[in-house]
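Novice: Dropping the sequence and predicted coords here.
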Amino acid sequence: MTLLISILIWGMAVGLLVTNRDMLWFSLLLPLVAWVLPLFYLVRGYRLEGRTLVIKRLCWDTRVDISDMTSVETVPKEHFRGSWRLFGNGGLFALCGWFWNRKLGRYRAWVTDDDRLVLIQCVDRKLVVSPGQPDKFVRVLRAGV
């Protein structure tokens, strides 16, 4: 998804630049906003610090309290399909934000690989992540929280 969207964004910018020199400012602004901004929200990995899930980003970490976790499990990508994005990034560098579908209901996601999904259920919310080793991630979460 990232490659396809990147080609589309940069192709549009170059196309605007070549076909209409008066649009120079727009052809430079388009990729800056549409491609560079989501780059900052990419997910580089996850780690646990006690009862806090840390999502490593490009320039900062997002910390999520999971002390009220009720369950954690790996889930197939079918659980993720048919999701509606309520707010967030729908596929450029990651799927991040708030989503909804019939199977999961409302959930927050930080996903880079939909073949490695882990669902963390807390008392009042659901979180979906995609660690490199989902089974190990689940074991560590179950043992540590």
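Specialist: In hand now; what should we look at?
Novice: And the helices in the protein?
Specialist: According to DSSP state H, the chain carries its helices in the segments 2-19, 24-31, 37-39, 134-144.
Novice: Can you give me the domain boundaries for the protein?
Specialist: For the chain, the structural domains run 2-39, 45-144, going by automatic domain parsing.
Novice: just to revisit the earlier point, can you lay out the helices of the chain as CSV showing mean neighbour count?
Specialist: Heads up, the C-betas are built off the backbone N, CA and C, glycines and all. Formatted as CSV, the helices of the chain follow (neighbours: other Cβ atoms under 10 Å):
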stretch, mean neighbour count
helix 2-19, 13
helix 24-31, 14
helix 37-39, 15
helix 134-144, 14
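Novice: circling back: the domains of the chain: lowest mean pLDDT?
Specialist: Per-stretch mean pLDDT for the domains of the chain is lowest at domain 2-39 (a mean of 72).
Novice: any idea how far that domain is from the chain center?
Specialist: Distance, stretch centre to chain centre, for domain 2-39: 22 Å (Cα atoms, centre = their mean, to the nearest Å).
Novice: What about the residue nearest to Val140 when sequence neighbours are not counted, how many residues nearby?
Specialist: Leaving aside its chain neighbours, Val140 sits nearest to Leu48 (6.5 Å; criterion: Cβ to Cβ, 6 or more residues apart in numbering). Neighbourhood size, Leu48 [other Cβ atoms under 10 Å]: 14.
Novice: my read: Leu48 touches Val54, true?
Specialist: Yes. Using Cβ atoms under 8 Å, Leu48 makes contact with Val54 at a distance of 7.1 Å.
Novice: Any idea which of the helices of the chain gets closest to Val64?
Specialist: Val64 sits nearest to helix 134-144 of all those, at 12.1 Å, using Cβ to Cβ.
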